[in-house]
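K.L.:
this one's sequence-less:
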């Protein structure tokens, strides 16, 4: 089968439960030119090198033709859609109240709060014979945490959920020019505009009455480079809210799905919860919540495994394929919760590595530790479960589990 349609096949929803055979095909070809003249890269060492290559750009303006999607003064791109030096300036301003080096204790200080939220969600599962681990645990945990961090009122979470779902649906980057795909994109634009307006209102309120949340810190930043403009605050508040929970939902859900499929590994972790942090790293390798980065453009001709990727070409870096590369990881298709030397690509790498990685790790460690202790004997009610539509942010939409009587 031609590799020119490989990206189309990867994006096909029918393959969402198991895209890994397609990634094996990709690695066999190293670099695969697609029918739209973009290029896929799926081998570990090449992906890692390209993530650190200054000739590879993340600037959203280089890959968007539709004027509606282009950044503007009122709707600026967040730092993940920009290159240095502007990327570096914005990222440092946003990171100041979020974590090290300016707020080194913030994530550790959240551990007790996250543990309490997880315990409360586990309490609500007691007595139920069937639970949906997405709706009843994996989603509410990280979204509650990020809303508290930002200072978003809990009663507004359902509306934020609806907006987020619409935005994620609009991120469907499959080669689909149907009217339905265009409708999803328009809906996503409307949802992002509404969420930006909402965050702008919260930011203005914090300007008048600051609290101890991140929005207050962003609008009152007194560093020489700050503060962010109001449109920049809105754009980054939306980014923080969505990125601050979407990938973690998938990490927790993919984690429990993997453990329920590997009962020996589940018992291995239950017998010693101190093993969970290393297991989370293996889950980030084995079933990463972000499958690939479709948003890169080469600024000059780049040679990858003997193939010249011409200047101006779009580049898709398939992180999940690199994570299964046998030239980097022994027995890459085997889930090993005790795996060492696990320099996975689950959070990317280089200047655009995931800024929320420390929080996601803590949330996943606490979530899995709590579920291992509190869920009890259980089995998957559906395998494979129903998956979300996005091929980029891949994870089950629901994870129904039947709880069994002990013994």
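P.N.:
Everything's here; your move. Since this is a predicted model, take the numbers as computed values, not measurements. Numbers count the residues shown, from 1 in each chain.

K.L.:
which strand is the longest one in the protein?
P.N.:
Counting residues, the longest strand found in the chain (DSSP state E) is strand 293-298.

K.L.:
Test my guess that residue 314 contacts residue 59.
P.N.:
No: here residue 314 does not reach residue 59: they are 11.9 Å apart, not a contact under Cβ atoms under 8 Å. The C-beta positions use only the backbone N, C-alpha and C, and glycine is treated the same way.

K.L.:
mind checking the SS state of the spatially most central residue of the chain?
P.N.:
With distances taken as Cα atoms, centre = their mean, the chain has residue 247 as the residue nearest its mean C-alpha position (3.1 Å). What DSSP: H, G, I helix; E, B strand; the rest coil gives for residue 247 is helix.

K.L.:
Which residues are in contact with the nearest residue to it once chain neighbours are set aside?
P.N.:
Excluding the flanking residues, the one nearest residue 247 by Cβ to Cβ, 6 or more residues apart in numbering is residue 289, at 4.3 Å. Residue 289 sits next to 246, 247, 248, 249, 250, 251, 254, 346, 393, 394, 395 when contact means Cβ atoms under 8 Å, 6 or more residues apart in numbering.

K.L.:
ok, now with 7 Å
P.N.:
Residues near residue 289 by Cβ atoms under 7 Å, 6 or more residues apart in numbering: 247, 250, 251, 254, 393, 395.

K.L.:
Could you dump these into JSON lines and include pLDDT?
P.N.:
Formatted as JSON lines, these follow (pLDDT from 0 to 100):
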{"residue": "247", "pLDDT": "92"}
{"residue": "250", "pLDDT": "96"}
{"residue": "251", "pLDDT": "97"}
{"residue": "254", "pLDDT": "98"}
{"residue": "393", "pLDDT": "93"}
{"residue": "395", "pLDDT": "96"}
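
K.L.:
which one of the residues you listed sits closest to residue 265?
P.N.:
For the contacts of residue 289, the minimum distance to residue 265 (Cβ to Cβ) is 13.5 Å, reached by residue 254.

K.L.:
right, and the closest one touches residue 287 too?
P.N.:
Yes: assessed by Cβ atoms under 7 Å, residue 254 is found in contact with residue 287 at 4.0 Å.

K.L.:
Surely residue 255 is in a strand?
P.N.:
No: under three-state DSSP, residue 255 sits outside any strand and is assigned helix.

K.L.:
Distance of it relative to residue 122?
P.N.:
Applying Cβ to Cβ, to the nearest Å, the value for residue 255 to residue 122 is 15 Å.

K.L.:
how much space between the closest residue to residue 138 other than its chain neighbours and residue 304?
P.N.:
The shortest distance from residue 138 to any non-neighbouring residue, by Cβ to Cβ, 6+ apart, is to residue 252 (4.1 Å). Distance of residue 252 to residue 304, computed by Cβ to Cβ: 34 Å.

K.L.:
With residue 243 instead?
P.N.:
Counting by Cβ to Cβ, the separation of residue 243 from residue 304 is 28 Å.
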